[in-house]
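# sequence and computational prediction follow.
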Amino acid sequence: MSRILVTDLDGTLLGGTRDDRRRLREALARHPEVTLVFATGRGLASIHEVLRDPLVPRPRWIIADVGATVIDGTDLTPVDSLQGQLRADWPGPERVRAALRRFPALTYQQDVVQDGRCSYYLAPDQLTAELTAAVEALGCTWVHSADRYFDVLPTGASKGNALRALAGKLGWAPQDILVAGDSLNDLSLFRLGAHGVAVGGAEAALLTAVADDPLVHRPRRRGTAGIHAALRTLGWVTTSDASDASDASDAFDASDAFDASDAFDASDAFDASDASDAERPGRGHSLVVAYHRPPLHWTGGTWQSPASPNGILPTLTSAFTDGLPGIWVAALAGGDQRATHPHPTALPLSLVPLSPAQWTGYFHRAGKETLWPVLMSEPHRSVFDEHTWTEYRAVNAQFAEHISTRAAPGATVWLHDYNLWLVPGLLRTTRPDLRTGLFHHTPFPPPEIFATLPAAAELRTSLACLDWAGFHTAAFADNFRRTLADEVGRPRTAVHPLGVDRPAIEALARRRAPLRQPAAGSVVLSVERLDYAKAPIQKVDAIARLLTRRPELRGRLTFRLVCPPPEPGLTAYDSTRDLLEHRVADVNDTWAEGGWRPVDYVPRSLSFPEVIDQYLTADVLWVTSLQDGMNLTAKEFVAAQAAAPTHGADGPGVLVLSRHAGAADELGDAALLTDPRSPDDLTSVLARALALTPDERRTRMDRLSRLLGHQRPADWAAGIVHAIRADSDAGRPPTV
């Protein structure tokens, strides 16, 4: 069941000791069913500052400006439909300030950015009937709080009215809401019949106003400690969460001492903070998971986690949160080493420090320019350079050494992807007791394409040292087996397709659906990173061909291409970006009419809620990978569309899916399958998707929903660890 925590900031969510704030943050992280809403007098600019604090949990919604503003917490954009209601009679700040200049006791808060309100300082003895009458004559209302602040607001604006409007929009019941505050400008929140908590140290006027309300808790503890106490009393978080969170905060303290110049010592501290008694440093860990990226990266101002709940980083995060034992080895790359802020995670990270030059040679060059084109079955794009390959070897050696010194005797090592292909051979030499598995999230090419790599023999020798290798599809597993056919001691292979966090997507889709705006005409959507393997240019060309064949679609069809650029320094896709932007401009110039353009090119990342909005609006999701290990975007689209409460007269959206994506193995012809290497097929299948009847759309979406299944990504991870450990010992060297 959903629970809603609505809290003031200053003196409430930002109050209490540092440990109190950590404990509440950890408790909320353990209970994602509790939706967090800020209800504050601050404006958006000030809220940006608050969100930089790693101890502040991220809100789903924000009521700001004492109730005059409502903001979507995922992308910090106004919810215009609600905000318009709250400000319907606002005369504007110029008129308010002009009318109140005759009251010298009012001091305008020049240092506060204000929107939809006017805020002043005012002593209690200066709150006169003449002043309040002047405010009411403007068609406004007012709030005086903390014996200091005087806020002039639109008549419909207050924290309580904003919460009432938001709750009505999203279907929240009063019994599922807990409001928290400490001053009189929070009083309107307590008038809605919801649970309440007036935290310790609250303004006397607020305590007096709620004294007879049996739904209001009045703990002695201040700020976050008071909120946490009320949550435990209601049973929204369990008592054990308090002690667990306390332990977690101790682990977090270990990262406060993190200094990138001494990254190995920092990673040892991470190991120690989460190791069980059986896995203390010196004895080692029974499980070591290695992926080249950590679960968050430094943006220059804050630590940033992945936007989507799906993919390998969120999957591993979920698995460790669910109790997967051991440690996660990842690279601390380049610019991340300049970060001195603590990591906002209690995950058992163990970091391998890499210089910017190492990361560039290893990942940008060897990974994306040498190996990636071969994995995508585009060997003509592959560029081999001996210097960057030396960096690839060196980084793999660092990972192998790091793993070797942290793995217990006979431990299980789970590697991820082509970036660590040389680690199995190195571990077999130094730690033959380890049981090593590797999961390929990418496609694995046929042996004749793999053989085009100058380092193919070196890689085959290392991969043959694996005990187990996993893939999304049987075809990729077969390519791997055939590639190693002549090697001694070939690893066992298995197929474990990764799914998506369906409950998280469904809950978000149900919340977002009432807020979305219907699109004008048909929307064909692609959401993908910039990569020639996703065939973005081929899609733009296909749109031009479709408009040529069916000119009646002019003004009625939009291809929305959400295509964020790669990370800085990765130049392998520069020519793709240049050609894509050129073709988008050409097609739009050729077909534009009035304010309509056929291609809506969005070259930036969207938050995951924004992506869900796009899924819910799309008539077609167009996935056209030349090769793809899985493609979770297709699965996210199905989960979101299947969960939407209504679809309108045209029915749900249609999935057009590349035959070369791993997801096609699972979803089959419930999707419309297309071959992006065939221009005619790409165009004709899209035309067919747009022509499906509502009944045909519903039938296909029902089948896709059933085929998608409900396996949790964390269960997928646990199953793979079990599969690696269950491997036969036949032919393996004895453990040490």
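All right, it came through fine. Fair warning: this is a prediction, and the values are worked out from it, not measured in the lab. Numbering: from 1, shown residues only.

# can you get me a residue count around residue 146?
Neighbourhood size, residue 146 [other CB atoms under 10 Å]: 16. C-beta here means a position set from N, CA and C on the backbone, and glycine is covered the same way.

# got it, and the one 3 residues further on?
By the other CB under 10 Å criterion, the neighbourhood of residue 149 contains 19 residues.

# go on, residue 140?
Residue 140 has 23 neighbours, counted by other CB under 10 Å.

# and the one 10 residues further on, by the same measure?
Residues within reach of residue 150, counting by other CB under 10 Å, total 26.

# buried set for the helix ranked longest in the chain?
Ranked by number of residues, the top helix in the chain under DSSP state H is helix 386-406. Using 16 or more other CB atoms under 10 Å as the burial criterion, the residues of helix 386-406 that qualify are 388-389, 391-393, 395-396, 398-400, 402-404, 406.

# could I get these as JSON lines with pLDDT?
What follows is the buried residues of helix 386-406, written out as JSON lines (pLDDT from 0 to 100):
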{"residue": "388", "pLDDT": "95"}
{"residue": "389", "pLDDT": "97"}
{"residue": "391", "pLDDT": "96"}
{"residue": "392", "pLDDT": "97"}
{"residue": "393", "pLDDT": "97"}
{"residue": "395", "pLDDT": "97"}
{"residue": "396", "pLDDT": "97"}
{"residue": "398", "pLDDT": "97"}
{"residue": "399", "pLDDT": "98"}
{"residue": "400", "pLDDT": "97"}
{"residue": "402", "pLDDT": "97"}
{"residue": "403", "pLDDT": "97"}
{"residue": "404", "pLDDT": "96"}
{"residue": "406", "pLDDT": "95"}
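
# what's the most distant pair in those?
Greatest spacing in these, by CB to CB: 388 and 406 (27.4 Å).

# report all helices and strands that whichever strand or helix holds residue 134 contacts.
In this assignment (DSSP states H and E), residue 134 forms part of helix 129-137. Applying 3 or more CB pairs under 8 Å, 6 or more residues apart in numbering; DSSP states H and E, we find helix 129-137 packed against strand 140-145.

# distance from the chain centre to the strand it packs on, please.
Remark: strand 140-145 is offset 38 Å from the chain centroid, using CA atoms, centre = their mean, to the nearest Å.

# returning to what we had before: just checking, what packs against the longest helix of the chain?
strand 285-290, strand 327-333, strand 349-354, helix 356-359, helix 423-430.

# compare the ones you listed and report which one is nearest to residue 377.
Nearest of the helices and strands packed on helix 386-406 (CB to CB): helix 423-430, 23.3 Å.

# buried residues in the next helix or strand after the closest one?
Remark: after helix 423-430, the chain's next helix or strand is strand 435-439, criterion DSSP H and E. By neighbour count on 16+ other CB under 10 Å, the buried set for strand 435-439 is 435, 436, 437, 438, 439.

# who's in contact with the residue of the chain most remote from its centre?
Within the chain, residue 130 marks the point farthest from the mean C-alpha position, 51.8 Å out by CA atoms, centre = their mean. Contact partners of residue 130, counting by CB atoms under 8 Å, 6 or more residues apart in numbering, are residue 103.

# break down the stretch 201-350 of the chain into its strands, ranges please.
Secondary structure of the stretch 201-350 of the chain (DSSP state E, counting those that start in this stretch): strands at 216-217, 285-290, 297-298, 303-304, 327-333, 349-354.

# list the contacts for the most centrally placed residue in the chain?
In the chain, the centroid-proximal residue (CA atoms, centre = their mean) is residue 307; its distance is 2.1 Å. Applying CB under 8 Å, 6+ apart to residue 307 gives the contacts 605, 606, 607, 608, 611.

# turn those residues into TSV, columns for secondary structure.
Listed next are these as TSV, based on DSSP: H, G, I helix; E, B strand; the rest coil:
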residue	secondary structure
605	coil
606	coil
607	coil
608	helix
611	helix
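
# quick one, which of the residues you listed are buried?
606, 607, 608, 611.

# my guess is residue 423 contacts residue 415, does it?
Yes. Shown here, residue 423 and residue 415 form a contact pair, counting by CB atoms under 8 Å, at 5.8 Å.

# mutual contacts of those two, please.
Here residue 423 and residue 415 have 290, 436 as joint contacts, going by CB under 8 Å, 6+ apart.

# pLDDT weak spots in the stretch 601-736 of the chain?
Scanning the stretch 601-736 of the chain for pLDDT under 70 picks out 727-736.

# correction: the previous question concerned the chain.
1, 111, 239-283, 298-304, 334-346, 515-519, 727-736.

# quick revisit: quick one: distance of the helix holding residue 134 to the chain centre.
48 Å.

# pull out the buried residues from it.
For helix 129-137, a neighbour-count test (16+ other CB under 10 Å) marks 131, 134, 135 as buried.

# how close does the second one get to residue 142?
Taking CB to CB, to the nearest Å as the criterion, residue 134 is separated from residue 142 by 10 Å.

# likewise for residue 110?
Distance, residue 110 to residue 142, by CB to CB: 19 Å.

# again, but for residue 22
Taking CB to CB as the measure, residue 22 falls 37 Å from residue 142.

# can you check residue 96 too?
In terms of CB to CB, residue 96 sits 10 Å off from residue 142.

# one more: residue 232?
Going from residue 232 to residue 142 by CB to CB gives 36 Å.

# which one of the two has more residues nearby?
Set residue 232 next to residue 142 and count neighbours by other CB under 10 Å: residue 142 wins out with 19 against 16.

# which residues touch the residue nearest to that one when sequence neighbours are not counted?
Using CB to CB, 6 or more residues apart in numbering and skipping the chain neighbours, the partner closest in space to residue 142 is residue 135 (4.8 Å). Residues in contact with residue 135, defined by CB under 8 Å, 6+ apart, are 100, 141, 142, 152.
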